[in-house]
Structures are given as C-alpha cells and as structure tokens.
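# following is a predicted model, sequence given first.
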Amino acid sequence: MEDDLMPGDDIHIEPVQQGPRRRQRPPVDTLQGHPYLEFPDGTDAARHCQKLRRMHVGSHASIDWDAMEEIAETPRVRRFIPIDSPWHRLFDLAHTPTYRELLVEFISSFTFHPPGEPVPIPYPGAPHPPEVSFRLAGVQRSMTLAEFAVRCGLYMQEEIETEIYTAGLVVVEKPTLVGFWQVIAGENHWEHEKSKGRVSFVRDPLYRYLHHLLATSISACGYSREWCTTTDLFFLYCLLYRRPCALAHGLAQYFASGHHRQERGFLYGGAYVTVIARSFGLVPHQDPHLRTPAIMPTRMGMQSLWGMRVIKRFPVGPRFKNPNGGVWTEQPLPEHFEDVYPPADPADVVPVEDPPEDLDGPAVPQPPPPAGAPQFPRHVIRGHAPGAALHPDVRAELDRLNDLVGWLVRAEQDRREREGLPPIPLPPVRAPHQQHQQQHQPQQQQHQDSDSDLDA
C-alpha cells in the first residue's frame with residue numbers, strides 16, 4: 001500500500017489541510033476545456049461537470065494503526081474492523097492518492113440504478129439501463145453493482161456469492177438509528193427537525209474517531225464533520241454492531257448524489273476512483289492529461305487525536321480520556337435498545353372535545369317520502385358557489401396537496417427530459433367550477449321540469 005503513496009518522482013504532492021473552521025470560496029475553474037471533462041451540451045453530465053469542477057476536493061483520512069497501538073486501542077478496533085474484511089479495505093484504500101480530473105469526470109457521468117428497483121424505459125423492448133455506468137479517462141464504462149464492488153476494492157470476487165455481500169443492509173429504519181444514537185450519545189441530543197446530532201455528544205472517543213473516518217470516505221460530509229447525520233448513523237450502526245453492510249451500494253449512492261452537494265462543499269471518493277482506474281489498467285500518475293497535482297491522503301495519528309481532545313497522557317502512556325479527565329473505560333453496547341420516534345408536532349394534535357349536550361332531546365322521526373315519483377337528491381358541490389365556501393383549514397390542505405402534486409409532476413417531467421424520454425401526457429384541464437355550473441344549468445333545469453311534471 002505504501003507504493004500507492006509515491007507513484008512516481010514526477011508527481012507534485014499537494015499539502016494536505018484538515019480544513020479551516022470557515023468554508024473557503026470555490027476554487028478557480030482550472031479544468032475548463034480539459035479533454036476528460038468535455039461532455040455533450042445539454043446533457044446531465046455536462047451540467048454536473050460545470051458545477052463539480054469548481055468545487056474543492058477533500059483529502060481522505062485513514063486509520064493510523066501505529067497511533068492505535070500507542071494508545072492501546074488496537075484490539076478494540078480490530079473487533080469492529082477485522083483484518084481483510086470489507087470495512088478494513090474501505091479504510092485502508094482511503095490511503096490512496098486522488099486525481100482531481102478523474103474524480104470530477106467520474107462523478108459527473110456516474111449513474112446508479114439499484115438492482116431490483118423499477119427503472120423506466122423509453123419504449124417497450126428497450127434495453128434495461130446498466131446498474132452502474134460512468135466515464136473514466138474518456139472511456140464510457142458500464143457494469144453490474146457486483147462488478148463495481150470488486151473493482152473499487154471493497155470486496156473480493158469470491159465474496160460476491162457469500163452473505164458478506166448478498167446479506168448487506170441497505171437501509172435501517174430511522175427510529176432504530178435514533179435509538180442507537182441515544183445509546184452512544186444519550187437522550188435529548190438528537191435534533192429531530194434537522195435529523196442530525198453533534199458528534200461531541202458521543203461519549204466513546206473511539207466512536208468519534210471512527211465517525212471522522214466515515215465522514216471522509218463512504219459518508220463524506222465535508223466541513224460538517226461535527227454533525228452526525230442519519231447516513232452517518234447507518235454506517236456507524238452497522239460497523240459497531242457488526243451488521244453486514246452493503247458498502248458498495250452506499251458508495252455508489254454517494255457518487256450518484258455527488259452533484260447535489262453545495263458548490264462550497266467538498267468532493268470525496270477520489271481514492272476509490274483511483275482504485276477503479278487501476279483495475280482497468282490505467283496508471284494515473286503517468287497520464288499526461290492529468291495536469292493538477294495529486295491530492296495525498298492523511299492518517300489520523302496522534303496529532304489528530306490530540307487535536308480532537310480525546311486523549312490524555314497518563315503514567316501508562318497516552319490513552320482515551322473520559323469527561324472527568326480519567327482513563328476511559330469501555331462501556332459495552334447493549335444487545336437490544338428501544339426505537340425512538342420523533343415527538344408529535346403540537347400543531348398536528350387535534351384536541352378531542354366532548355360532544356355538545358343535546359338540549360332538545362332525541363330527534364323527531366320524519367315521515368317517509370310520498371309514494372310516486374322518485375326523489376332526486378340535490379347534491380352539494382363545494383367550490384365558489386354561494387353558500388359552499390370551504391373551511392379555511394380544508395382549503396389550506398387542498399392547496400398544499402395541489403402544490404405537492406404539481407411538484408411531483410414537474411419533477412417527473414424534468415427527469416424524463418434529462419433521460420431523453422417523451423413527456424407524460426397530462427389529463428385535460430378541468431373547466432372552472434362557475435363555467436362547469438353554467439354548462440350544466442340547462443340539464444339541471446330539464447331535471448327540475450321533469451320533476452314538476454311528475455308531481456303534477
């Protein structure tokens with residue numbers, strides 16, 4: 001793995017910074033006109049690339065096993081990250097150089113269709129789109145998710161048919177994740193409105209260390225690493241409870257959503273893109289088209305641990321410390337814990353009122369309708385007709401539902417336009433209620449005339 005760090009003498013190593021407290025401005029666009037970043041006009045890849053090439057590229061952080069040995073935490077870390085496991089490869093491969101041009105090209109063109117999920121096709125009989133597709137060094141590639149899992153180095157080929165890969169979790173219910181958060185961080189430290197919590201509330205220093213590694217790899221958070229999101233919790237839950245996790249699926253989801261990140265954010269994942277490029281026989285440090293310096297990874301060693309303020313020097317040496325300044329003592333995780341649901345919104349709680357007291361006694365039975373002509377009920381049509389005004393709460397709810405339906409239709413039309421599909425044929429616009437009523441007034445008059453004739 002050390003050969004990955006120094007691929008050649010002709011490469012310039014960019015100094016790695018952990019990141020300032022305040023976000024920097026987007027870098028100057030130095031990749032405009034690069035041959036690897038030329039995409040057809042009007043395509044999704046072209047739009048994504050225009051944004052991504054102006055974003056910062058972050059440096060991956062990997063485990064410093066020497067530091068773990070110095071603070072006597074190696075046995076505990078190995079319980080969660082066994083040697084030659086997918087988790088071990090995820091953190092070990094993070095110590096690989098990142099090449100800006102390859103990363104921007106890869107994420108700009110990356111598409112992911114999870115296996116088993118329905119995918120719209122443009123016309124009957126059209127070929128099914130590949131599960132994973134991307135362009136790398138100017139060459140378009142497509143493959144299954146299983147092949148992607150092997151090429152990015154997370155799984156061995158012989159593991160694809162085993163439960164290590166097939167039984168991997170893709171999602172965990174949010175109440176379970178929030179319950180897990182209360183186990184590791186305590187109660188009342190999760191912001192339900194924002195679906196995140198501060199990492200500083202996590203009690204075990206090792207868990208905070210592992211979260212930092214996740215936040216620069218498969219669940220890249222950029223400068224928001226002081227927050228733990230539900231995505232972070234999912235991977236941390238699988239890691240600490242040793243549940244099988246679909247790491248390749250999670251990495252593909254990150255690449256597919258990379259263009260949604262803020263322009264002042266950071267792009268991660270370049271280490272795994274480099275591994276994929278090497279699996280196709282490419283040698284990035286010998287590519288003359290790669291003009292920017294390689295971004296080298298860092299190891300979270302003793303300097304990082306001192307900076308996180310999670311260790312202290314004791315007579316036995318540096319160790320994790322507890323909130324009181326003593327040596328941290330591991331607290332085993334419970335086998336079971338309760339799910340935690342968000343508190344109910346007071347605005348959504350409808351007060352239950354007692355039914356009004358009936359002061360008039362029971363209703364008087366009405367006589368049956370007279371025999372003869374059938375009775376046609378006069379239907380009440382809600383709308384702008386006199387006496388048919390809606391309650392303000394009902395009107396507000398209908399307006400909200402109308403906005404949601406309109407948003408869904410526009411989103412679907414935009415998606416079909418991006419994929420080159422014809423637009424969805426929409427139903428004809430209904431006439432306003434007043435016009436609808438005027439059109440049906442002659443018919444209603446005929447019904448009334450027929451009723452009068454029958455009564456006569």
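Yes, it's here.
# residue boundaries of the strands in the stretch 101-250 of the chain?
Along the stretch 101-250 of the chain, the segments classed as strands by DSSP state E, counting those that start in this stretch run 111-112, 132-136, 139-143, 190-191, 196-198, 227-229.
# columns mean pLDDT and mean neighbour count on top of the ones you listed, output as TSV?
Glycine gets a C-beta too; all of them are placed from N, C-alpha and C. Output for the strands of the stretch 101-250 of the chain, formatted as TSV (pLDDT from 0 to 100; neighbours: other C-beta atoms under 10 Å):
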stretch	mean pLDDT	mean neighbour count
strand 111-112	94	18
strand 132-136	96	21
strand 139-143	95	13
strand 190-191	88	17
strand 196-198	90	19
strand 227-229	89	21
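# residue contacts, residue 248?
145, 146, 148, 149, 152, 154, 155, 165, 168 (C-beta atoms under 8 Å, 6 or more residues apart in numbering).
# let me know whether the first one touches residue 249 as I believe.
Yes. Contact status for residue 145 versus residue 249: in contact at 6.6 Å, counting by C-beta atoms under 8 Å.
# quick check: buried residues in stretch 30-41?
By neighbour count on 16 or more other C-beta atoms under 10 Å, the buried set for stretch 30-41 is 31, 34, 36, 37, 39.
# so which of these would you say is closest to residue 272?
residue 36 (17.5 Å; C-beta to C-beta).
# secondary structure class for the closest one?
The local conformation at residue 36, judged by DSSP: H, G, I helix; E, B strand; the rest coil, is helix.
# now do residue 312
Looking at residue 312 with three-state DSSP, the answer is strand.
# run a quick neighbour tally on the residue nearest to it when sequence neighbours are not counted.
Once flanking residues are discounted, residue 312 sits nearest to residue 321: 4.1 Å by C-beta to C-beta, 6 or more residues apart in numbering. A count of nearby residues for residue 321, using other C-beta atoms under 10 Å, gives 17.
# can you check the one 3 residues further on too?
Other residues lying near residue 324 total 6 when counted by other C-beta under 10 Å.
# so it sits in a helix?
No. Counting by three-state DSSP, residue 324 is not part of a helix but coil.
# please tell me how far it sits from residue 316.
Counting by C-beta to C-beta, to the nearest Å, the gap from residue 324 to residue 316 is 17 Å.
# same deal with residue 227?
From residue 227 to residue 316 the distance is 34 Å (C-beta to C-beta).
# kindly report the same for residue 250.
Distance of residue 250 to residue 316, computed by C-beta to C-beta: 38 Å.
# what does residue 44 give?
Residue 44 sits 56 Å away from residue 316, taking C-beta to C-beta as the criterion.
# more neighbours: which of those two?
Neighbours were counted for residue 44 and for residue 316 using other C-beta under 10 Å; residue 44 has more, 15 against 8.
# where does the stretch 51-200 of the chain dip in pLDDT?
Residue ranges of the stretch 51-200 of the chain with pLDDT under 70: none are present.
# ugh, wrong one, the stretch 351-456 of the chain
When residues are selected by pLDDT under 70, those of the stretch 351-456 of the chain lie in 351-391, 428-456.
# do that again at 80, thanks
For the stretch 351-456 of the chain, the stretches flagged by pLDDT under 80 are 351-396, 413-414, 416-456.
# how many residues are close by residue 128?
For residue 128, the count of nearby residues is 8 (other C-beta under 10 Å).
# how about residue 87?
Applying other C-beta under 10 Å, we find 20 residues neighbouring residue 87.
# how far away is it from residue 81?
Residue 87 sits 5 Å away from residue 81, going by C-beta to C-beta.
# what's near enough to touch the residue lying closest to residue 282 once chain neighbours are set aside?
Nearest-residue entry for residue 282: residue 137, 5.7 Å, with adjacent residues in sequence omitted and distances by C-beta to C-beta, 6+ apart. Applying C-beta under 8 Å, 6+ apart, one finds that residue 137 lies in contact with 36, 102, 105, 277, 282, 287, 289.
# list only those of those flagged as buried.
Among those, those scoring as buried are 36, 102, 105, 277 (criterion: 16+ other C-beta under 10 Å).
# which among those residues gets closest to residue 57?
Taking the buried ones among the contacts of residue 137 together and measuring to residue 57 by C-beta to C-beta, the closest member is residue 102, at 10.5 Å.
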